[in-house]
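Chemist: Requesting a structural model of the entry that follows:
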Amino acid sequence: MLFNSYVFILFFLPLTLVLYYGLNRRAHFELAKIALILMSIWFYAYFHWSYVFILLASILANYALSVWMLRKAQGSRFRRGLLTAGIVLNLSVIAYYKYLDFFIGNINYVFGRQIPFLNILMPLGISFFTFQQISWLVDSYRGETGPQSFTDYGLFVVFFPQLVAGPIVSCHEMVPQFSEPERKKFSHGEMARGIYLFSVGLFKKVILADTLGAGADWGFAAPGSLSCADTILVALIYTLQLYFDFSGYCDMACGIAAMFHLELPINFNSPYKAVSVADFWNRWHMSLTRFLTKYVYIPLGGSRGGRGRTFCNIFIVFLLSGLWHGASWTYILWGILHGTAQVLYRVFAKIWDRVPKVISWAATFLFLTLSWIVFRAESVADALVMFRNIFTGRTGGISSGLLQCFDVLEFTYLEEHIGFLGNIVNRIPSLHLWILVAVSLGIVLFGKNCYEKKFTPTLSKALGCIVMLTWSVLSLSGLSSFLYFNF
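Modeler: Alright, predicted model coming up:
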């Protein structure tokens, strides 16, 4: 089930809220959590019912391992063995569903074999809920979780706002909230904040990300036919689309959690305002960065083994980050690019930090935009074609096919009812595109995100919420999944 769907907005979410608060109001606190678990499983099953068996098996196995570990002496060999078995089991599940066909394809290519592909259907969000459970196992091994009920553990994993695309939360962030008496009560303030966050996120997704996505899809589908101008614009458009898609999801996830009087951690903090690649990763997918730092970088030795060891550890983390995003050489290359950039920043940090902020921001944004080409391209060959287009491609205007992607209903309606606007568009055919890009860049670079100031209900916020929610719901003509659902 998608957040940006009629069934979710008009049926599933209101029903779940009524059920959850109704049970809590009657002091059926355990039943309220069970109801939320069952509704979350329904939410997940809506994508494909067979996914549920994998999710439930993963929950049962990891909970059993964590309970078993807690019964063994801390630091004992048996406890370490259980942790190792749990990590291997979880990573094996991901490897099977997400990477096995990728490995088969590479074996066939290298050794000239004809091993048939298995065409395995990857369970949605498997990387997210598996990493989250790995974090629980490690924290249990370290004695940081303590005994927890199966209900709390199940809700920790399946809570539907963060189940399929994060953020990757830790035990101490979520589980204590499930037992706080005040959070079981309906809060008008939190409901207002939740609706506002959800409306902002839905607007980002439906109105901005999906509109930009039409142009990105058009360009990346046939990179060889693009001019230099087309390629630059397509790269910029995708950079903005990914921002609003992921930012929109994070806003909606936090908003839905707030409606249930629960708090998810910030996962997205104006990343395109970053003035270095290191700064970017402190702002983009913050929960993944935190997970890889705590459970990969630090256990590898972090920065304790000298500069060479530190650089190696950084590179490994970003290589894994690329591979985590998908079974493709484009993601691996993207991870290598960011790992290399991080190492270079560490080497030249003192010089880089003295560069004027405008220049360091521009260089960082340029690097991010170019690296997103590798991330989005269907293959490394297609990415190289787009780079050639940019640096040695044919000159010329913007292709009509790209411009047609932005003949959206809102623009055409205004032009039909305000005569002079139609005349302007006839003289400047690319006006729609430039307006959308300018507005998007303005929001990205100068707007404040939803977490930079404390939410206070006001009339202007209420009116803005009504406009964004109504506009977005009326624009739900077709369903569009979030880009991070693929990871």
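
Chemist: pLDDT weak spots in the stretch 351-487 of the chain?
Modeler: Within the stretch 351-487 of the chain, the stretches falling below the threshold (pLDDT under 70) are 393-394, 411, 413-417, 419-423, 425-426, 477-487.

Chemist: Strands along that one, start to end?
Modeler: Chain-ordered strands for the stretch 351-487 of the chain, with DSSP state E, counting those that start in this stretch as the definition, do not occur.

Chemist: again with the stretch 1-150 of the chain
Modeler: Counting by DSSP E, counting those that start in this stretch, the stretch 1-150 of the chain contains no strands.

Chemist: where in it is pLDDT low?
Modeler: Low-confidence regions of the stretch 1-150 of the chain, defined by pLDDT under 70, are absent; no residue qualifies.

Chemist: Who are the packing partners of the strand or helix carrying V317?
Modeler: For V317, the element it lies in under DSSP states H and E is helix 306-325. Using 3 or more Cβ pairs under 8 Å, 6 or more residues apart in numbering; DSSP states H and E as the contact criterion, the secondary-structure elements in contact with helix 306-325 are helix 286-292, helix 298-300, helix 329-352. Using the backbone N, CA and C atoms, a C-beta is placed for each residue, glycine as well.

Chemist: so of these, which one's packed in deepest?
Modeler: For those, the largest average neighbour count (mean count of other Cβ atoms under 10 Å) is found in helix 286-292, namely a mean of 21.

Chemist: Which elements pack onto it?
Modeler: Applying 3+ Cβ pairs under 8 Å, 6+ apart, one finds that helix 286-292 contacts helix 126-141, helix 306-325.

Chemist: Restrict the first one to CA atoms and write it as CSV.
Modeler: What follows is helix 126-141 as a C-alpha-only set of coordinates in CSV (Å, rounded to 0.1, in the frame of the first residue of the first chain):
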residue,chain,number,x,y,z
ILE,A,126,13.9,-6.3,2.8
SER,A,127,17.1,-4.2,3.3
PHE,A,128,15.4,-1.9,5.7
PHE,A,129,13.7,-4.4,8.0
THR,A,130,16.7,-6.8,7.9
PHE,A,131,19.2,-4.1,8.8
GLN,A,132,16.9,-3.0,11.6
GLN,A,133,16.9,-6.5,13.0
ILE,A,134,20.6,-6.8,12.7
SER,A,135,21.0,-3.7,14.8
TRP,A,136,18.7,-5.3,17.4
LEU,A,137,20.8,-8.5,17.5
VAL,A,138,24.0,-6.6,17.9
ASP,A,139,22.5,-4.4,20.6
SER,A,140,21.1,-7.5,22.4
TYR,A,141,24.6,-9.0,22.3
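
Chemist: Quick one: list the elements packing against that helix.
Modeler: For helix 126-141, the packing partners by 3+ Cβ pairs under 8 Å, 6+ apart come out as helix 51-70, helix 77-94, helix 150-158, helix 160-163, helix 171-179, helix 286-292.

Chemist: any idea which of these is most buried?
Modeler: Across those, the average number of neighbours (mean count of other Cβ under 10 Å) peaks for helix 160-163, which reaches a mean of 26.

Chemist: what's that one packed up against?
Modeler: Using 3+ Cβ pairs under 8 Å, 6+ apart as the contact test, the elements touching helix 160-163 are helix 29-45, helix 126-141, helix 228-259.

Chemist: starting at the chain centroid, how far to it?
Modeler: Between the mean C-alpha location of helix 160-163 and the chain-wide mean there is a distance of 12 Å, by Cα atoms, centre = their mean, to the nearest Å.

Chemist: related to what we said a few turns ago, output the helices and strands packed on helix 306-325 as JSON lines; include the columns distance to D382.
Modeler: Written out in JSON lines, the entries for the helices and strands packed on helix 306-325 read as follows (distance: least, Cβ to Cβ, whole Å):
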{"stretch": "helix 286-292", "distance to D382": "25"}
{"stretch": "helix 298-300", "distance to D382": "33"}
{"stretch": "helix 329-352", "distance to D382": "8"}
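
Chemist: which residues are contacting the helix holding V317?
Modeler: Counting by Cβ atoms under 8 Å, 6 or more residues apart in numbering, helix 306-325 makes contact with 99, 127, 131, 288, 292-293, 296-297, 300-303, 305, 331-336, 338-340, 342-343, 346, 375, 487, all of which sit outside it.

Chemist: picking that back up, Serialize the helices and strands packed on helix 160-163 to a markdown table and add fields for distance to L70 and mean neighbour count.
Modeler: Output for the helices and strands packed on helix 160-163, formatted as a markdown table (distance: least, Cβ to Cβ, whole Å; neighbours: other Cβ atoms under 10 Å):
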| stretch | distance to L70 | mean neighbour count |
| --- | --- | --- |
| helix 29-45 | 21 | 18 |
| helix 126-141 | 6 | 23 |
| helix 228-259 | 28 | 24 |
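
Chemist: which one of those lies closest to I9?
Modeler: Go through those one by one with Cβ to Cβ and the one that ends up closest to I9 is helix 228-259, at 10.2 Å.

Chemist: Report all helices and strands that whichever helix or strand comes after that closest one contacts.
Modeler: Next in sequence after helix 228-259, counting helices and strands by DSSP H and E, comes helix 277-281. Contact analysis of helix 277-281 by 3+ Cβ pairs under 8 Å, 6+ apart lists helix 329-352, helix 357-376 as its packing neighbours.

Chemist: Run the angle between the longest one and helix 306-325 for me.
Modeler: It refers to helix 329-352. Here helix 329-352 runs at an angle of 140 degrees relative to helix 306-325 (axes from the mean of the first three to the mean of the last three Cα atoms, to 10 degrees).

Chemist: T231 is nearest to which of the helices and strands packed on helix 306-325?
Modeler: Nearest to T231 among the helices and strands packed on helix 306-325 is helix 329-352 (16.2 Å), distances taken as Cβ to Cβ.

Chemist: Give me the distance between L319 and I104.
Modeler: Note on L319: its distance to I104, by Cβ to Cβ, to the nearest Å, is 21 Å.

Chemist: hang on, the earlier thing: now distance to F12 too, for the helices and strands packed on helix 126-141, in CSV please.
Modeler: Formatted as CSV, the entries for these read as follows, by distance: least, Cβ to Cβ, whole Å:
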stretch, distance to F12
helix 51-70, 16
helix 77-94, 28
helix 150-158, 14
helix 160-163, 9
helix 171-179, 21
helix 286-292, 24
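
Chemist: quick one on the thing from earlier: identify whichever of the helices and strands packed on helix 306-325 lies nearest to A192.
Modeler: Using Cβ to Cβ as the measure, helix 286-292 is the one of the helices and strands packed on helix 306-325 that comes nearest A192, at 25.0 Å.

Chemist: re earlier: wait, which of the helices and strands packed on helix 286-292 is closest to D210?
Modeler: Closest of the helices and strands packed on helix 286-292 to D210 is helix 306-325, at 20.9 Å (criterion: Cβ to Cβ).

Chemist: Let me see the contact set for I34.
Modeler: Shown here is I34, whose contacts under the criterion Cβ under 8 Å, 6+ apart are T151.
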